[in-house]
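*Asks:* Sharing a model that was predicted from the sequence below.
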Amino acid sequence: MADSTSAPKVPLVPPVTKKINKPFQVQQKYLAEQALKKAAAATDGAGAGGAKKATKKAERSFTSKLLLFTVFSILSSVFLSRAVTETWLWGYEGKYSTPAKAYREFFPPAARVFSEAELAQYDGTDPNKPVYLGIDGDVYDVSEGRASYSGTGGYAFFSGVDAARSYVTGCFKTHLTHDIRGFNKKEMRSLDTWKNFFKNHGKYKWVGTVTHAPIDPDSPLPPPCQSHGG
């Protein structure tokens with residue numbers, strides 16, 4: 001006899017399972033990892049960018065301070081020089097000692113070609129004109145030394161002429177001429193020394209050249225200097 005209290009048998013049914021989409025999971029995991037990497041890179045980039053900005057700001061600040069210190073030092077030196085030596089550059093009076101001289105050095109006026117008659121007009125007798133002298137064809141403005149190159153100045157005989165020969169011979173009466181025929185190598189070197197003196201002088205400026213009439217090669221040389229200054 002069957003047990004009436006026994007539960008009826010229920011056939012076992014396997015649980016329903018859904019097949020997992022593994023490629024989809026892999027893709028989602030990859031996307032999540034990439035998002036994390038981008039977020040980390042953005043954070044690192046922001047930090048690096050801030051550091052670069054801070055570095056550039058510090059560099060600009062240092063450069064500005066250095067520039068201000070340099071300007072202050074230069075101005076202090078200039079005004080101290082003026083107070084102590086009555087000059088702006090501690091007694092220096094060369095080619096760049098004033099703005100006007102510096103401008104003329106960097107932007108020289110156009111070279112002028114003088115005739116002998118034109119050069120003679122700048123012998124220092126006219127106070128309204130500069131003082132020019134010639135040496136071996138070159139003309140220099142020696143107005144900065146007007147006291148010496150005009151009037152009763154010790155070098156007044158050089159002004160308004162090309163007296164190249166006298167610079168070498170010391171004959172300031174009979175050799176005030178551009179005629180340097182007969183000079184030997186030593187005398188030519190002496191002339192070059194004088195030419196460089198004017199060329200490199202801090203106060204005297206080259207302004208042009210002077211033209212001379214051709215010298216007859218058959219004409220006699222200037223007579224020898226009989227006495228110093230003769």
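*Replies:* Alright, I've got the coordinates.
*Asks:* Is it correct that K129 falls within a strand?
*Replies:* No: assignment of K129 by DSSP: H, G, I helix; E, B strand; the rest coil gives coil, placing it outside any strand.
*Asks:* Enumerate every residue touching it.
*Replies:* By Cβ atoms under 8 Å, 6 or more residues apart in numbering, the residues touching K129 are 121-122. Any C-beta I mention is one placed from the backbone N, CA and C, and that applies to glycine too.
*Asks:* S150 versus that one, what's the distance?
*Replies:* Separation of K129 from S150 (Cβ to Cβ, to the nearest Å): 10 Å.
*Asks:* lowest-confidence helix or strand of this protein?
*Replies:* helix 99-106 (a mean of 73; mean pLDDT, DSSP states H and E).
*Asks:* same for the helix or strand following that one, what does it pack against?
*Replies:* Next along the chain after helix 99-106, taking DSSP states H and E as the criterion, comes strand 112-114. Strand 112-114 makes packing contacts with strand 205-210 when contacts are defined by 3 or more Cβ pairs under 8 Å, 6 or more residues apart in numbering; DSSP states H and E.
*Asks:* Show me what the strand it packs on is in contact with.
*Replies:* Residues from elsewhere that reach strand 205-210, judged by Cβ under 8 Å, 6+ apart: 104, 108-109, 111-116, 119, 132, 134, 137-141, 162, 178, 198-199.
*Asks:* Which members of those residues are classed as buried?
*Replies:* When neighbours are counted using 16 or more other Cβ atoms under 10 Å, the contacts of strand 205-210 contain these buried positions: 114, 119, 132, 134, 138-141, 162, 178, 198.
*Asks:* of all those residues, which comes closest to T70?
*Replies:* D141 (34.5 Å; Cβ to Cβ).
*Asks:* Which per-residue confidence value corresponds to that closest one?
*Replies:* pLDDT, D141: 97.
*Asks:* For it, name its beta-bridge partners.
*Replies:* Y132, K205 (DSSP bridges).
*Asks:* Which strands or helices does the lengthiest helix in the chain pack on?
*Replies:* As assigned by DSSP state H, the longest helix anywhere in the chain is helix 22-85. For helix 22-85, there is no helix or strand it packs on, judged by 3+ Cβ pairs under 8 Å, 6+ apart.
*Asks:* list the contacts for Y132?
*Replies:* 114, 119, 122, 139-142, 159-160, 207.
*Asks:* make it 7 Å
*Replies:* Counting by Cβ atoms under 7 Å, 6 or more residues apart in numbering, Y132 touches 119, 122, 139-141, 159-160, 207.
*Asks:* thinking again about what came up before, what's the most distant pair in the buried ones among the contacts of strand 205-210?
*Replies:* Farthest pair in those, by Cβ to Cβ: D141 and H178, 18.4 Å.
*Asks:* re earlier: how far off centre is the least confident helix or strand of the chain?
*Replies:* 12 Å (Cα atoms, centre = their mean, to the nearest Å).
*Asks:* Kindly export that helix (C-alpha atoms) in CSV.
*Replies:* What follows is helix 99-106, C-alpha atoms only, in CSV (Å, rounded to 0.1, in the frame of the first residue of the first chain):
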residue,chain,number,x,y,z
PRO,A,99,74.5,110.7,-27.2
ALA,A,100,75.4,113.1,-30.0
LYS,A,101,78.9,111.5,-30.5
ALA,A,102,77.5,108.0,-30.3
TYR,A,103,74.8,108.8,-32.9
ARG,A,104,77.4,110.3,-35.2
GLU,A,105,79.6,107.2,-34.8
PHE,A,106,76.8,104.8,-35.7
